[in-house]
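> Provided below are the primary sequence and the corresponding predicted coordinates.
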Amino acid sequence: MSYNLNNPIARRATKVVYKDDGNTIKLFNEGYSKADIFNEALNQARVEEGTSLKIGKLKEVTTIDNKLGIVSNYVEGETLEELMRKNPEKMDEYLNLFVDIQMDVFSKKVPLINRMKDKYKNRIESSDLFEEHTKYDLLQRLEGMKNHFKLCHGDFVPSNIIVTESGEHYLIDWSHVTQGNASGDVAMTYLQLCMKGYKDIAEKYLNLYAEKSNTDKNYIQQWIPIVAAVQYVKQKPEEVEILKQWIDVIEPQ
Amino acid sequence: MSNYDIVDSTESLQKLIENVRKAQKEFATFSQEKVDKIFFAAAMAANKARIPLAKLAVEETGMGVIEDKVIKNNYAAEYIYNKYKNEKTVGVVDEDKSYGYRKVLEPIGLIGAVIPTTNPTSTAIFKTLICLKTRNGIIISPHPRAKKSTIEAAKIVLEAAVKAGAPEGIIGWIDVPSLDLTNMLMSEVDTILATGGPGMVKAAYSSGKPALGVGAGNVPAVIDESADIILAVNSIIHSKTFDNGMICASEQSCIVDSKIYDKVKDEFKKRGCYFLKPDEIEKVRKTIIINGALNAKIVGQKAHTIAELAGVKVPETTKVLIGEVESVDLSEEFAHEKLSPVLAMYKSENFEESIAKASKLIYDGGLGHTASLFINTMTEQEKMQKFYSSMPTCRVVINMPSSQGGIGDIYNFKITPSLTLGCGSWGGNSVSENVGIKHLLNVKTVVERRNNMLWVRMPEKVYIKRGCLPVAIEELKYVMDKKKVFIVTDKFLFENGYTKVVTDKLDEMGIQHTTFSNVAPDPNLACAKEGAKLMQEFKPDCIIAIGGGSAMDAGKIMWVLYEHPEADFLDMAMRFMDIRKRVYTFPKMGEKAYFIAVPTSAGTGSEVTPFAVITDEQTGVKYPLADYELLPKMAIVDADMMMNAPKGLTSASGIDALVHSIEAYVSMMATEFTDSMALEAIKIIFEYLPKAYEEGANNPVAREKMAHAATLAGMAFANAFLGICHSMGHKLGAFHHLPHGVTVSLVLNDVMRFNAEEVPYKMGTFPQYDHPHTLRRYAEIAEAIGITGKNDNEKLEKLLKKIDELKDSIGIKHTIKDYGIEEKDFLATLDEMSEQAFDDQCTGANPRYPTIEEIKNLYLKAYYGK
C-alpha cells in the first residue's frame, strides 16, 4: 500500500509519525534496528490478540523509501494529557480514570512478551554510565524485586491515552511493553510525570494508585532508583542531574 | 605470598572455588590444637592491622570515622578470639556413654561471605576468624565500594593463618565484584553468611543454599519517665556518633515521655546536638531521603557535612542533627533508617504511646533487629516486661548505647559478640541470635543402640496361701490404723456371704465399713459413679474390692473417681506407645484411700495389674485404663474365696490366665523377671486347671495352685504386657458378647502360628526384640511343660495340640462358630472388628506387628477353624 506522508503529527529523534486516512504510520529513520521495529510490531500484535484492551490495531509493517514503518489504525480523539490541560478542574476524575486504565492493563497476561526485569537488567548492565558500586547496588535491588507477570505498558503516560468523542479510551504506543511487576511500571509513570514537570500530579497519582491497588507506597518507591537508572541511560540533558540524585541511594542495612 | 590470581570472571571464580574447597578438605582433618593455633595467629594479625585497615576503609568508602573503625577492627579480632578461644569445634564435644550418645562437630565446608560497605574490614575479620575456628573455607564477595579494604583485611588474616599452619588458600575473595559473580558464589557454596541490605539478603535466601542472612535495623530508643536522663541522652549520642552512625543497631529515633521531654532536650543540647528548626527539618528531610530511599551521600558522614548538604548552618562540632517530628509513618523521612548522625525525636503522652510508636517504626523498617529502652529497672520491671514483650525484635537493649549494646560483650556480657545480627522470622532470617561459630558447624549425632529401660512393678504386698484373708485384714487396724473401709463387690458374692469374712473381721476390730454390692459384669461408668458418690459421702480411708475382674476393675475406677473427681476418662484412656512417655499424666492415687483387691476367681490377675476396663453405658465405648497408679496397694490371694466357683467361671478364667502367661512370655517387653513368673504359671495351669475344673472345692490344692498361677500370670503381664490375642479377644467380646476368657482362647492357636512366623511381613518395634524369634519362645514354653520334638516347629505344633487338649478337658470350644455366632453377623462386623483390634492397646507389645488384613484373616481362621 502507499501512504500519503504529508501530514506528520509527531517528530522524534528516531522516527516521524504520520496520519493518513485512518492510519497512523510510524516511520523509523533509516538504519534503525530492524529487530526493534519488528519486535515492537510483534508486541503490539500480541497485546491486540491476547487481550481485550482497546488499542490502535496493527495493520502492517511496511517499507517506504527504504525506511521501515509500523502502520496502525488511527484513533480519533484527544489525548488524556490534552484533556487534563484543558479541564484542570477535572483533574481528580482524569487521574482516577488514568489509574483505572493502568490497573486494567495490569490485570492482563501476555506470556510471550519480554520480561521487565530482564529488560531493565540489560539496560543497566550494558551501560557504562554508572560507577561500579552503583551498578552493583542497582542490580542487587532489581534482583530482589518480586517476579510478577503482569502486562506493563512501559510508557503509561496521559499522552498515550486517547479519549474518543464517545468517551472510549484507547491506549497507544506499545513500544515499551513488558510483563513484570506493576510497581515497576507505576514507578516509571511517576518518573515520566516528574520529568515532564508534573511533580504534583505525579505525587497525587502515586498516592492514588497505592490507595486503589492497596499497595504499600514504599514498595513502589523501591523501584524508583531502578527506573531512574533505566531512564538515565537515555541521557536526556534536562534529566540527568535529578536522575543522578534519584539513583544514588542506598538500601537499609 | 602476595601473588594471588585475580578473580574477575566466572572461570577464575570457578577455579578459586575449587582451590578453597581443596584447602578446606585438608583443613577438615586438623586437630583442635592446630586449629586453635591458627585462630590465635589470625586474630593477632588482624588486631595488629587495626589502624591501617581502619584508615584504608575510610579512605576508600569515604564513610565513617577512623578511630571508631579501629575499635570495630579491634573488637572483631579480640572479642571474637576471646569468646571462642576455649570453645571446642573439633570432634566429640558431648558424650554420654550410658545412653551411647555422642555429639561430633564437623565443618560445613565452603562458606560464601558477603561483606557490606558499612563495616568492610571488621566484618571481614569477623567472618574469616569464625570460619578458621570452625575449619571452614571462606570466599568473600566484597562490596565494590569497599573491595580494596575488605580484601586487604582478608589477606592479612589468610597470610597469618597460613603462616601458623593453615592450608594455603583457605580464604579467598572476588577481586572484581559483580552481581553475577556474587550470585554464582552463593549458588556454589555450602552456606552463605550474608550481611547487607535486603536485596542482597533476599538474593542469598533465594540462591537455594542455606543462608545466614540478616536484616536491616531501624532502632527506636524509648526514654521512659523513670529513666536516668543523663545516662540515656549520652548513651544515645555515644552510639549515634559511633562511626558516624553506620552500625545497623544504632538508634534512628528516640521517643520521649512528655513529662521529661524538655529535660531530655536540654541534655541533648548541652552535649552538642543540634535541634533543627522547622524549615531546617524540611531541608534535611529532602536531603536524607530521596523518593523513600536513603541518600547514599549522607551515609557515615558527620552531622555538619549533612547539614551543609541540606543547606543548613550548624556548628562544625555538632554531634547529632535532631529533628523533632510527629509522624512515625514512612511518609516522614525522619522515620527511616538514616545510617548517619541524624536522629528523629518524638514526644509521647505515656508509655503505651511510646510502645505503639516504637512498634510502628520497627514494623516499617527494622523488623526483627533491635529495640532500645531507657528505664529504671529497679522500680519499673512491669513496664520493662511490657516493652520487651511488645517489640518484634531479636534484641532488646536496656539502658545502653544500642550500637555497642547489640553487638555484645561491651555494655553487656552474655550476648554472643558478633558483627552479624540475626533478625529471626520477623526479619525473614533463619537465625534470630547474633551469628557465631555454632551456625558454621554441622552437628553430627552418633547414637548406639540401647535397650529400652524396663522395670518390674507389683503391689507393695501380695498375701498368698489359703486362709490369708483374715490375717491380712488385721493389718488394717494394727499396722495401718485404718478407720473406715468401703467394700466393692457384686450382688452374687454379697448375697452368698463372700464379704462376710471381711466384714466380720472389721466389726471385730471396730473398723467402720459399708458395702457397695451393685457391680454388674462388664461394669459401666454409671455404676462406678454411683459407687464413687457413696465413697464421697462415706469418706473411706481404705477400699476393698472383692470379686472377679469386674468387681476389681469397678473398684479401681471408683477409687480414681473418689480421689480425682475432676479426671477425664477420655484423657486417661488415650492409647499410648510407651506407658512411660504417654502424653497424659495419670493423677496420683492413694492419697485418700488404700486399695486392696481380693480375687474370687483364678484368672483376671486384676489384683496385681495396673489395668482396668470400664464401659460407658451411653455410648457403649470401652475405656481401657492403664497406669501404674491403678496398681492395687495390696492383693490378698486366698483360695478359700474361690473354692465354690462354678465350672464355667473356672474354665473361662483359667484359660484367660493361660493366655496371659503365653502372651506375656512372647511379648517384646518380656524380661527374665516376667519370664519366670509366666512359665511357672503355664506349668501350673496345664497340670491343675483340669483338676480344679473337674473337682472344684474337692481339690483345694488345685484351687490354690490355680489361684497362685493366675496371680503370677497377672504379675507377668502387668510388666511385660500382652499381645494380639487380647486385642482380638477384646473386640470379639465387645461385638459378639462372649466371655473374655473364651474369646482370647478362641484366637490363641492361630495367633501363635502367626507370631511364630520367622519371616513376618512386619516385626514389632522394640529395641530388645532384635529379630523375629517368637518360634523359639513358644518352643521354650513347650520344653517347660515337658514337650520334646526334633525342632522348634514340631514343638510348637505339639504345644498347640496340648492347648487344644486342655481346652477340651475344660469344656472350651475350638472355633467362634462353635459358640453359635451366625456367619453373617460375624462377617458383617469383621472389618470394623479387625480395625479396632489392630488399634487395641495390647497390639503394641505383640512380637509381630500385624496389618489389619492379617488380623482379619486370623479372625476368619478362628471362626471357621481352618
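It's in.
> contacts only, for residue 139.
Looking at chain A here, since you left the chain open. Residues near A:Leu139 by CB atoms under 8 Å, 6 or more residues apart in numbering or on different chains: A:121, A:124-125, B:179. (Each C-beta comes from the backbone N, C-alpha and C, glycine too.)
> looking at chain B here, not the other one
The contact partners of B:Ile139, taken as CB under 8 Å, 6+ apart, are B:16-17, B:20, B:110-113, B:171-174, B:185, B:189.
> what helix or strand is it on?
B:Ile139 is part of strand B:137-141 when elements are defined by DSSP states H and E.
> ok, that strand: who's next to it in the sheet?
strand B:110-114 (parallel), strand B:171-173 (parallel) (DSSP bridges).
> I figured B:Ser517 was touching B:Phe486, is that so?
No. Using CB atoms under 8 Å as the test, B:Ser517 is too far from B:Phe486 to be in contact (11.6 Å).
> the two: who's more crowded?
Shown here are B:Ser517 and B:Phe486; by other CB atoms under 10 Å in any protein chain shown, B:Phe486 has more neighbours (26 against 19).
> and that one, helix, strand or coil?
Put simply, B:Phe486 is strand when judged by DSSP: H, G, I helix; E, B strand; the rest coil.
> not counting its neighbours along the chain, what's nearest it?
Of all residues not flanking B:Phe486 in the chain, B:Pro540 sits nearest, at 3.7 Å (CB to CB, 6 or more residues apart in numbering or on different chains).
> and the one you found, helix, strand or coil?
Strictly by three-state DSSP, B:Pro540 counts as coil.
> re earlier: take the strands paired with strand B:137-141 and write them to TSV, including mean pLDDT and mean neighbour count.
As requested, the strands paired with strand B:137-141 are exported to TSV (pLDDT from 0 to 100; neighbours: other CB atoms under 10 Å in any protein chain shown):
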stretch	mean pLDDT	mean neighbour count
strand B:110-114	97	27
strand B:171-173	98	27
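> distance to A:Asn96 added to these, as CSV?
Below are these laid out as CSV (distance: least, CB to CB, whole Å):
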stretch, distance to A:Asn96
strand B:110-114, 44
strand B:171-173, 54
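> can you check which of the ones you listed gets nearest to B:Pro417?
Nearest of those to B:Pro417, taken as CB to CB: strand B:110-114 at 17.4 Å.
> next one: the closest one to chain centre, how far?
Strand B:110-114 sits 32 Å away from the centroid of its parent chain (CA atoms, centre = their mean, to the nearest Å).
> anything in the helix or strand just after it near chain A?
Toward the C-terminus, strand B:110-114 is succeeded by helix B:122-133 as the next helix or strand (DSSP H and E). No. Helix B:122-133 stays clear of chain A (CB under 8 Å from any CB of the partner chain), getting no nearer than 11.0 Å.
> for helix B:122-133, packing partners?
helix B:32-48, helix B:66-84, strand B:110-114, strand B:137-141, helix B:147-163, strand B:171-173 (3 or more CB pairs under 8 Å, 6 or more residues apart in numbering or on different chains; DSSP states H and E).
> what angle do the fifth one and helix B:66-84 make?
This points to helix B:147-163. Helix B:147-163 and helix B:66-84 are oriented at 30 degrees to each other (axes from the mean of the first three to the mean of the last three CA atoms, to 10 degrees).
> can I get helix B:147-163 in PDB, CA atoms only?
Included here for helix B:147-163 are C-alpha records, laid out as PDB according to Å, rounded to 0.1, in the frame of the first residue of the first chain:
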ATOM      1  CA  LYS B 147      36.600  -4.000  47.900                       C
ATOM      2  CA  LYS B 148      40.200  -2.900  48.500                       C
ATOM      3  CA  SER B 149      39.900  -2.700  52.200                       C
ATOM      4  CA  THR B 150      37.800  -5.800  52.600                       C
ATOM      5  CA  ILE B 151      40.300  -7.800  50.500                       C
ATOM      6  CA  GLU B 152      43.200  -6.400  52.500                       C
ATOM      7  CA  ALA B 153      41.600  -7.500  55.700                       C
ATOM      8  CA  ALA B 154      41.000 -11.000  54.400                       C
ATOM      9  CA  LYS B 155      44.600 -11.200  53.000                       C
ATOM     10  CA  ILE B 156      46.000 -10.300  56.400                       C
ATOM     11  CA  VAL B 157      44.000 -13.000  58.100                       C
ATOM     12  CA  LEU B 158      44.800 -15.500  55.400                       C
ATOM     13  CA  GLU B 159      48.600 -14.900  55.500                       C
ATOM     14  CA  ALA B 160      48.800 -15.100  59.300                       C
ATOM     15  CA  ALA B 161      46.700 -18.300  59.200                       C
ATOM     16  CA  VAL B 162      48.800 -20.000  56.600                       C
ATOM     17  CA  LYS B 163      52.000 -19.000  58.500                       C
END
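> pLDDT on it, on average?
Across helix B:147-163, the average pLDDT comes to 98.
> now do that helix against helix B:122-133, angle only.
Going by the same axes, to 10 degrees, helix B:147-163 makes 20 degrees with helix B:122-133.
> what's the domain layout of chain A?
Per the record, chain A has its domains at A:8-73, A:78-247, by automatic domain parsing.
> nearest to B:Val456, out of these?
Here domain A:78-247 is closest among those (CB to CB), at 63.8 Å.
> how long is the closest one end to end?
35 Å (CA to CA, to the nearest Å).
> separation between B:Asp507 and A:Leu129?
111 Å (CB to CB, to the nearest Å).
> cool, B:Lys48 as well?
41 Å.
> okay, now the unreliable bits of the chain?
No chain was given, so I picked chain A. A:1 (pLDDT under 70).
> that's the wrong chain, I meant chain B
In chain B (pLDDT under 70), the answer is B:1-2.
> quick check: the residue of it nearest chain A.
With CB to the nearest CB as the measure, B:Gly197 is the residue of chain B nearest to chain A, at 2.9 Å.
> can you get me a residue count around that residue?
A total of 26 residues lie near B:Gly197 under the criterion other CB under 10 Å.
> show me the contacts for it.
A:137, A:140-141, A:250-253, B:116, B:216.
> related to what we said a few turns ago, now the strand holding B:Ile139: how far from the chain's centre is it?
36 Å.
> mind checking what secondary structure residue 95 has?
Since no chain was named, I'll use chain A. Taking three-state DSSP, the label given to A:Leu95 is helix.
> the chain in question should be chain B.
Classification of B:Glu95 using three-state DSSP returns strand.
> who's it bridged to?
B:Arg102.
> ok, the residue nearest to B:Asp638 when sequence neighbours are not counted - contacts?
The shortest distance from B:Asp638 to any non-neighbouring residue, by CB to CB, 6+ apart, is to B:Leu469 (4.1 Å). By CB under 8 Å, 6+ apart, the contact list for B:Leu469 reads B:463, B:501-502, B:598, B:636, B:638, B:640-641.
> list buried residues within the residues you listed.
Buried members of the contacts of B:Leu469, counted by 16 or more other CB atoms under 10 Å in any protein chain shown: B:463, B:501-502, B:598, B:636, B:638, B:640-641.
> can you tell me which of those residues are in strands?
B:463, B:598, B:636 (DSSP state E).
> I'd like the distance between the last one and B:Val621.
Using CB to CB, B:Ile636 is found at 32 Å from B:Val621.
> ditto for A:Val110
When A:Val110 is compared with B:Val621 (using CB to CB), they lie 62 Å apart.
> who has more neighbours out of these two?
For A:Val110 and B:Val621, the more surrounded residue by other CB under 10 Å is A:Val110, and the numbers stand at 19 against 14.
> my guess is the more buried one contacts A:Gln179. True?
Yes. If you go by CB under 8 Å, A:Val110 and A:Gln179 touch, sitting 6.2 Å apart.
> lovely, talk soon.
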